[in-house]
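Student: fold the following, please.
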Amino acid sequence: YDDTIKYFKALDSASPKMTLVPMGMSTQGRTFYAALISTERNLARIERYREIARRLASPEGLTEDQARALVREGEAIVHIGGGFHSTEVAGPQHTLQLAYDLLTTHRNEPGRDDQIARILDSVILMLWPTINPDGHQMVAEYYMKNVGTPGASTVLPQRYQEYVGH
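Tutor: You can find the predicted model right below:
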């Protein structure tokens with residue numbers, strides 16, 4: 001998790017199309033992050049889009065015309081979580097590649113940049129590197145400590161979630 005967040009922070013520094021947002025603390029004191037990925041214009045208006053989403057989620061008092069106007073003004077906010085179960089390592093690993101692919105130029109793929117630009121213009125991606133930073137870090141540390149030994153393919157020999165005993 002620590003290395004993943006270092007990478008996301010580097011992407012945040014390198015691209016105006018991404019903002020890394022702290023979202024709270026894990027049980028073991030790690031900061032949860034979500035990466036907001038979209039166009040610069042959309043990210044500049046993120047608070048307005050959040051307000052529109054909140055208002056549409058609780059539409060009491062809105063007329064149909066008002067709701068339709070908010071839908072036209074707003075942008076879709078798409079949530080992708082990088083995995084919850086830490087021993088299922090593909091979830092957190094795909095978020096690194098997805099963020100990179102959305103933020104970089106694809107010189108060898110004709111039309112790809114236009115396609116990504118259209119997506120980012122109409123969507124704000126809320127990409128969570130992982131939903132379980134504590135377990136992600138513990139599993140990675142255990143694996144790295146045991147890589148090259150028979151222990152590398154064994155399960156973490158301790159609980160990594162204080163409340164449910166994963």
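Student: use CA for all of it now, contacts and neighbours both
Tutor: OK.
Student: wait, what's in contact with Asp121?
Tutor: Residues near Asp121 by Cα atoms under 8 Å, 6 or more residues apart in numbering: 38-39, 42.
Student: mind checking which of those land in helices?
Tutor: Per DSSP state H, helices hold the following members of those: Asn42.
Student: got JSON lines for the contacts of Asp121, with neighbour count and distance to Asp134 too?
Tutor: As requested, the contacts of Asp121 are exported to JSON lines (neighbours: other Cα atoms under 10 Å; distance: Cα to Cα, whole Å):
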{"residue": "Ser38", "neighbour count": "28", "distance to Asp134": "28"}
{"residue": "Thr39", "neighbour count": "20", "distance to Asp134": "31"}
{"residue": "Asn42", "neighbour count": "21", "distance to Asp134": "31"}
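Student: with respect to Gly148, which of the contacts of Asp121 is nearest?
Tutor: Using Cα to Cα, the shortest approach to Gly148 within these belongs to Ser38, at 40.4 Å.
Student: can I assume that closest one is in contact with Leu125?
Tutor: Yes - because the distance of 6.4 Å satisfies Cα atoms under 8 Å, Ser38 is recorded as touching Leu125.
Student: OK, contacts around Gly151?
Tutor: Contacts of Gly151 (Cα under 8 Å, 6+ apart): none.
Student: which residues in this structure form strands?
Tutor: For the chain, the strands defined by DSSP state E occupy 18-25, 31-37, 76-81, 123-128.
Student: and the ones you listed, which is most packed in?
Tutor: Counting by mean count of other Cα atoms under 10 Å, strand 31-37 has the highest mean neighbour count of those, with a mean of 23.
Student: so what does it touch, helix or strand wise?
Tutor: Where contact means 3 or more Cα pairs under 8 Å, 6 or more residues apart in numbering; DSSP states H and E, strand 31-37 is packed against strand 18-25, strand 123-128.
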